[in-house]
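A.B. asks: Here is my input, please return the structure:
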Amino acid sequence: MRHVTFFHKETGLLNGKHLLVSDDSAVALNMPEDHEAIDHPATGMLDHLSQRVEVQTGQLVDYQPPPPSEDHEWNERIKRWQLRDEVVKARNIRTDARTRITQLRTDQHRYALCVLTDPADEDARDALKRIRAEIEELT
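C.D. replies: Down below sits the predicted model:
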C-alpha cells in the first residue's frame, strides 16, 4: 500500500488530500492539476497546516502559514495560529457585557410596567434609573 499527499509543484504547499492505494497508477489518476505526490513517512500523517515540501529538494519542512489576522499569534507547540490572550479576554468581556445588558433590558420591562400602572412607585423608578446607568456603563 502506498499513502501519499499532494502538494503544489510551485509553492510546495500540501493540499490536505490524502490517498491510500495499492496500485501506483492510481496516484497519477487522482493527482490534481499542477500538483505532485509525496509519500507519507512511516511515522504517520503529514500536516498541511504546518508542513510543506521544499520544491527544490523534495524534502518535507516546517511551514508557518500567514496569520489569519493581527489578532493571532503562532503557537510553536501546537503549530497553529491562535488568538492572542488579550484578544480572547476582550471578546469575553464584550460577550459578558452583552449578556448582562440583555438581562437588564429584560428586567427593565417589569419596572416599566410598575411605573405605568402606578406612576408614584419610586422603587420602580429608582430601579429603572439604576438599570439605565448600568447599561450606559457597559456600553
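
A.B. asks: need the contact list for the residue nearest to C114 when sequence neighbours are not counted.
C.D. replies: Counting by Cβ to Cβ, 6 or more residues apart in numbering, C114 lies nearest to A124, which is 3.7 Å off, once chain neighbours are set aside. Bear in mind the C-beta positions are built from the backbone N, C-alpha and C, glycine included. By Cβ atoms under 8 Å, 6 or more residues apart in numbering, the residues touching A124 are Y111, A112, C114, V115, D118.

A.B. asks: Tell me the confidence at the second one?
C.D. replies: A112 carries a pLDDT score of 96 in this model.

A.B. asks: Am I right that it sits in a strand?
C.D. replies: No: residue state for A112 (DSSP: H, G, I helix; E, B strand; the rest coil) corresponds to helix; a strand is not indicated.

A.B. asks: is it true that it touches L128?
C.D. replies: Yes: judged on Cβ atoms under 8 Å, A112 makes contact with L128 at a distance of 6.6 Å.

A.B. asks: which one of those two has more residues nearby?
C.D. replies: Per other Cβ atoms under 10 Å, whichever of A112 and L128 has more neighbours is L128, with 18 against 15.

A.B. asks: Quickly list what H35 is bridged to.
C.D. replies: Listed beta-bridge partners, H35: H8 (assigned using DSSP bridges).

A.B. asks: dump the residue contacts of the residue nearest the centre of the chain.
C.D. replies: Nearest to the centroid of the C-alpha atoms of the chain, with distances taken as Cα atoms, centre = their mean, sits Q82, at 7.4 Å. The neighbours of Q82, taking Cβ under 8 Å, 6+ apart as the test, are H72, E73, N75.

A.B. asks: Tell me the secondary structure of the residue sitting furthest away from the middle of the chain, please.
C.D. replies: Ranking residues of the chain by C-alpha distance from their mean position (Cα atoms, centre = their mean) puts A120 at the top, at 51.9 Å. Look at A120: counting by three-state DSSP, its state is coil.

A.B. asks: Right, I'll call it a day here.
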